[in-house]
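Undergrad: I would like the atomic coordinates for the input below:
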Amino acid sequence: MAVILGIDIGTTSVKAMLLDAEKGVLSVHAKGYGVSIPQLGFAEQDPKMWWSSLLEVFDALKAEQAEAFAKVEAIGFSGQMHGLVLVDAAGEPVRPAIIWLDQRSKKQLAKISEAYDEKQMGEIFRNRVSAGFAFPSLLWVKEEEPEVFARAAHVLSPKDYLRLRITGKAGAEAVDASSMGMFDTAHRDWAWEVLDHFGLPREIFPEVKESSDLAGVVCEACANETGLPAGIPVIYGGGDQPIQAIGNAAAREGYLISNIGTGGQISAFVKQPIYDEKLRTNTFCHAVDRGYTIFGATLAAGKSMDWAKNYILKVDSYAELNALADAVPAGSEGLIYLPYLSGERTPHMNLDATGMFFGMKLGHGRGHFLRAVMEGVTYSLKDCLVLLQELGVDADQIIASGGGAASEIWLQIQADIFGKDVVACAEKEQACLGACLLAGASTGIFASLDEGCARFVKMREKVYHPIPEHQAVYEEGYRKFRELYQRTKDLMG
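TA: Take a look at the predicted model:
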């Protein structure tokens, strides 16, 4: 019995899965946590909190599957992308991690834009450098906290830190490195000339490997702390967007994924590093076959629903939330929501964009607001889909992923707004599953990644088809959604 451990470090929780190579998923556990907002526009998390949370998850796995936990033969990772973790030579964090939701680096972004125009950014990065990317965050630390910057020995992504704690070795891989904004994406290495231009010391950037490469083994210190046997192979893993694509068996051309997690993306695997010349999409390295992932991103997807549920409307459960939203007709009777609570990326790339409810009337109740949030987030994802289609990237159906895929009403809304059939994976933790499958294929437990996916990735039976009368309502709603931003953008910020 070969057992694989898959770890996913997200924005709101860390999760881990035990996958038996014969029987399938044995157990999944999670530990939730929050985001620290020390001042407006900042977003941080303590890397040591990630580790202590993971230890609690390990304890839960051991309590439920002690024999399997002791027989783990490979470990893989998935993680939130873009963020900056700085550690010293001993592997200790020198400050809290600056994560992807952070908006503090306007001054640093201006300096990057002065040095490199859109054409140069596209040629080097294949992306526009955005707030929350590690590059401007690193420049912020260099300028605002020079004593902290001087102590930094390694630049890491969030999941790289957990892998460091498990193997004792610092390292980087192409998926997360390319999402940091200081990477030559087509050549799959750091953009050394850019780093030199900004006075960033080369020695703090680890050698870049591929997601499937062996990063090391479980070290003695980790074995003593966790109960994992020392010597287990550990692969580098990758950022959550490509890894959850593996967990949906969609890491090849011809598939589109709509992911609604804390943020949201419409994504696809491509063989070449194509990109939008106006830099409204993101193109990063993929975890499979030295390919690439191209996607449009909205920043507050599930985060919008969390905000509405827990802070504004005080809904007790997701079951109640879905029932309230389902009782409201398509289009929320004219109520429209712009989900720009943290600025926005695709297609506006506007750090100062703000959220909005428009069209409020006395007859609107909680259900209208909840359904409008679902529709507004999906309209924003439709913006992403339209851009990908303009670049020649499309598919006949969409695979729904992330927490949003747990809501049947939201799945139907996606089908209606996208105008495509929507399906969803039977395993709701696709990032953990993808981490397991990549680790199993990389260490020889599976003959290939395709074999692992064929055995363990199953779609739910129900297919969500677009409802024609809903589509007509949403076409008009989408037109108004786009017009609302254009008419109010000068008032934002």
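Undergrad: Phi first, then psi, for R151.
TA: phi -90, psi -10 (degrees, to the nearest 10).
Undergrad: Where do the domain boundaries of this structure fall?
TA: 3-238, 250-424+463-493 (automatic domain parsing).
Undergrad: Quick one, which of those gets closest to A447.
TA: A447 lies closest to domain 3-238 among the domains of the chain, at 11.0 Å (Cβ to Cβ). C-betas here are computed from N, CA, C, even on glycine.
Undergrad: Any idea how far apart the tips of the closest one sit?
TA: By Cα to Cα, to the nearest Å, the extent of domain 3-238 from end to end equals 20 Å.
Undergrad: closest one to C453 among the domains of the chain?
TA: When the domains of the chain are ranked by proximity to C453 (Cβ to Cβ), domain 250-424+463-493 comes first, at 7.9 Å.
Undergrad: Average pLDDT for the closest one, rounded please.
TA: Domain 250-424+463-493 carries an average pLDDT of 96.
Undergrad: Give the residue farthest from the middle of this structure.
TA: What lies farthest from the middle of the chain is L362; by Cα atoms, centre = their mean that is 37.4 Å.
Undergrad: related to what we said a few turns ago, I'd like the domains of the chain as CSV, with distance to E451 appended.
TA: CSV is the format used below for these (distance: least, Cβ to Cβ, whole Å):
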stretch, distance to E451
domain 3-238, 10
domain 250-424+463-493, 13
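Undergrad: hmm, back to that, now do the same for the residue farthest from the centre of the chain: helix, strand or coil?
TA: Under DSSP: H, G, I helix; E, B strand; the rest coil, the three-state class of L362 is coil.
Undergrad: Any figure for the gap between it and A60?
TA: Taking Cβ to Cβ, to the nearest Å as the measure, L362 falls 48 Å from A60.
Undergrad: Likewise for G91?
TA: Using Cβ to Cβ, one gets 25 Å for the distance from G91 to A60.
Undergrad: Then A89?
TA: 33 Å.
Undergrad: neighbour-wise, which of those two wins?
TA: More crowded of A89 and A60, by other Cβ atoms under 10 Å: A60, with 16 against 10.
Undergrad: so the residue nearest to that one when sequence neighbours are not counted bridges to which residues?
TA: In this structure, A60 finds its nearest non-sequential neighbour in H29, 4.0 Å apart by Cβ to Cβ, 6 or more residues apart in numbering. Beta-bridge pairing of H29 under DSSP bridges involves A16.
Undergrad: From what I see, H29 and A63 are in contact.
TA: No: with contact defined as Cβ atoms under 8 Å, H29 does not reach A63; the gap is 9.1 Å.
Undergrad: Among these two, which residue is more densely surrounded?
TA: H29 (21 against 11).
Undergrad: contacting residues around that one?
TA: K15, A16, V57, A60, L61, E64 (Cβ atoms under 8 Å, 6 or more residues apart in numbering).
Undergrad: Look up how far A426 lies from the closest residue to T488 other than its chain neighbours.
TA: Excluding the flanking residues, the one nearest T488 by Cβ to Cβ, 6+ apart is M356, at 6.9 Å. According to Cβ to Cβ, M356 and A426 sit 36 Å apart.
Undergrad: okay, the two: which has more neighbours?
TA: Between M356 and A426, M356 has the larger neighbour count (other Cβ under 10 Å), namely 19 against 12.
Undergrad: That one and L200: what is the separation?
TA: 38 Å.
Undergrad: Equivalent analysis for I9, please.
TA: 25 Å.
Undergrad: What of Y485?
TA: Counting by Cβ to Cβ, the gap from Y485 to L200 is 35 Å.
Undergrad: buried residues in stretch 448-455?
TA: Across stretch 448-455, burial judged by 16 or more other Cβ atoms under 10 Å covers L449, G452, C453.
Undergrad: Surely the second one is within a helix?
TA: It stands for G452. Yes: according to three-state DSSP, G452 belongs to a helix.
Undergrad: Verify the stated contact: it with S442.
TA: No: using Cβ under 8 Å, G452 makes no contact with S442, being 10.2 Å away.
Undergrad: residue contacts, the closest residue to L341 other than its chain neighbours?
TA: Leaving aside its sequence neighbours, L341 sits nearest to A300 (Cβ to Cβ, 6+ apart; 4.1 Å). By Cβ under 8 Å, 6+ apart, the contact set of A300 is T262, G263, W307, P339, Y340, L341, S342, G355, V377.
Undergrad: Run through the helices of the stretch 101-250 of the chain in chain order.
TA: Using DSSP state H, counting those that start in this stretch, the helices of the stretch 101-250 of the chain run over 106-115, 118-124, 134-144, 146-151, 158-167, 174-178, 192-197, 220-226, 240-247.
Undergrad: can you give me the angle the fifth one makes with helix 240-247?
TA: Pointing back at helix 158-167 there. Relative orientation of helix 158-167 and helix 240-247, computed by axes from the mean of the first three to the mean of the last three Cα atoms, to 10 degrees: 70 degrees.
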